[in-house]
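In: give the three-dimensional model of this entry:
(2 chains)
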Amino acid sequence: MRERQLQLLSGFVDGESIAPTDLAEVLSAEGALDALRDFALISAQLDDDGLEPSETFEARVRRRLSGDDDTERRTGSRTWPWLMAAAAVVLGVVLGRSLNPTPSLPASLPTAEVGGPKVDRTLVFEPGVDWKELS
Amino acid sequence: MSDARQLFEEHHRAVYRYLRRRTGRPELAEDLAQEVFVRALQGPPSDEPLRRPVAWLFRIARNLLLNHLRADSRRPASCPLEDRPLPGPEAEPSRRLDLDQALAALPTAEAEAFLLREVGGLSYEEIASLSGRTTDSIRSRIYRARTSLRAALRPSEGTLGPREVRA
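Out: Numbers count the residues shown, from 1 in each chain, chains lettered A, B, ... in the order given. Here you go, the predicted structure:
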């Protein structure tokens, strides 16, 4: 049996549409029925592999999908007060700003106590004359 | 019953089995499967009605799985033994062990296409769309997976394996 024929047979098992003449040729090839039977047995073996999810999983997901999840509710009840507190703080700040929109400064601001360095010489520039240093 | 709940009832076994086969870890497969349906609860990304919701579910499942595998690969190399994909305890009969081993021996891309087809029931076009490949490429991958499994599972019967076919 050729590779192309076997590939057509594999597609046939999967419900691919095959031209009747091609199908007749493939099924007439030697070993075609063995291959067809083996492909079907592999599918059957896979179907019957006994891999099932646990009942705990099924119950858990059903609860979750119907919005009746205890974990969700507990998490929600823990989160809710924090959200309320945060919202209250934000509301307070916004209200405060709206009542007093211009930021006010204190009447007297502290002045800098440290002055600049003492002047001990002065540089004077006169156009057309070199720099002179006056002490 | 909500849409997500209905999707869960109809498809959770297939989604779980796909994830279970791909991860080899029952608990992880359940966690990922739960996440699939929690995301489904939020609805599809666009308002357009889904032609085949099951294809969308498997797209979510595949994306979650890839994200998990990426995160897992960034872990230190000395990952504990129990983190490795292993056949579950339910795979005790030798027939199932054979199937597990044969599937595990497939190249990832082939196993993925094959499982999406066999377990998920997705069409070649749907698998091509969600994995970003052409339909021909998916057809070829599924065929190769099938012939490899056939050769691995029925070696004593002398039926044609991939090597004999190509000769």
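
In: show the contacting residues for B:Tyr124.
Out: For B:Tyr124, the contact set (C-beta atoms under 8 Å, 6 or more residues apart in numbering or on different chains) comprises A:11, A:14, A:16, B:117, B:135, B:138-139, B:142. For glycine as for every other residue, the C-beta is placed from the backbone atoms N, C-alpha and C.

In: what do you get for B:Ser131?
Out: Counting by C-beta under 8 Å, 6+ apart, B:Ser131 has contacts B:62, B:109, B:112-113, B:116, B:138.

In: so where is chain B shaky, pLDDT-wise?
Out: Scanning chain B for pLDDT under 70 picks out the ranges B:1-2, B:47-49, B:76-97, B:155-167.

In: tell me where it has helices.
Out: B:3-23, B:26-41, B:53-73, B:94-104, B:108-118, B:124-131, B:135-153, B:162-166 (DSSP state H).

In: does chain A sit close to the fifth one?
Out: Looking back up the chat, that one is helix B:108-118. Yes: Helix B:108-118 lies within reach of chain A by C-beta under 8 Å from any C-beta of the partner chain, at B:117-118.

In: pull the distance from that helix to the chain's centre.
Out: Put simply, helix B:108-118 sits 6 Å off its chain's centre (C-alpha atoms, centre = their mean, to the nearest Å).

In: give the buried residues for it.
Out: B:110-118 (16 or more other C-beta atoms under 10 Å in any protein chain shown).

In: also the third one?
Out: Going by neighbour count (16+ other C-beta under 10 Å), the buried part of helix B:53-73 is B:53-62, B:64-65, B:68.

In: check stretch B:124-131 too.
Out: B:124, B:126-128, B:130-131.

In: quick one: distance of that stretch to the chain centre.
Out: Between the centre of stretch B:124-131 and the centre of its host chain there is 13 Å, according to C-alpha atoms, centre = their mean.

In: A:Gly15: how many residues sit nearby?
Out: For A:Gly15, the neighbour count with other C-beta atoms under 10 Å in any protein chain shown is 11.

In: in three-state terms, label it for me.
Out: The three-state label given to A:Gly15 by DSSP: H, G, I helix; E, B strand; the rest coil is coil.

In: quick one, what contacts it?
Out: B:Ser123.

In: just give me the closest of the buried residues of stretch B:124-131 to chain A.
Out: When the buried residues of stretch B:124-131 are ranked by distance to chain A (C-beta to the nearest C-beta), B:Tyr124 comes first, at 6.9 Å.

In: could you dump the buried residues of helix B:53-73 to JSON lines with distance to chain A?
Out: As requested, the buried residues of helix B:53-73 are exported to JSON lines (distance: C-beta to the nearest C-beta, whole Å):
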{"residue": "B:Pro53", "distance to chain A": "14"}
{"residue": "B:Val54", "distance to chain A": "15"}
{"residue": "B:Ala55", "distance to chain A": "15"}
{"residue": "B:Trp56", "distance to chain A": "16"}
{"residue": "B:Leu57", "distance to chain A": "13"}
{"residue": "B:Phe58", "distance to chain A": "16"}
{"residue": "B:Arg59", "distance to chain A": "19"}
{"residue": "B:Ile60", "distance to chain A": "14"}
{"residue": "B:Ala61", "distance to chain A": "13"}
{"residue": "B:Arg62", "distance to chain A": "18"}
{"residue": "B:Leu64", "distance to chain A": "14"}
{"residue": "B:Leu65", "distance to chain A": "16"}
{"residue": "B:His68", "distance to chain A": "17"}
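
In: and of the residues you listed, the nearest to B:Tyr16?
Out: Here the nearest of the buried residues of helix B:53-73 to B:Tyr16, counting by C-beta to C-beta, is B:Ala61; it sits at 9.2 Å.

In: wait, what's in contact with the closest residue to that closest one other than its chain neighbours?
Out: Excluding its sequence neighbours, the residue lying closest to B:Ala61 (C-beta to C-beta, 6 or more residues apart in numbering or on different chains) is B:Val36, at 4.9 Å. Residues near B:Val36 by C-beta under 8 Å, 6+ apart: B:15, B:57, B:60-61, B:64.

In: now distance to A:Asp22 too, for the residues you listed, in JSON lines please.
Out: Shown next, in JSON lines, are the contacts of B:Val36 (distance: C-beta to C-beta, whole Å):
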{"residue": "B:Val15", "distance to A:Asp22": "35"}
{"residue": "B:Leu57", "distance to A:Asp22": "34"}
{"residue": "B:Ile60", "distance to A:Asp22": "36"}
{"residue": "B:Ala61", "distance to A:Asp22": "34"}
{"residue": "B:Leu64", "distance to A:Asp22": "39"}
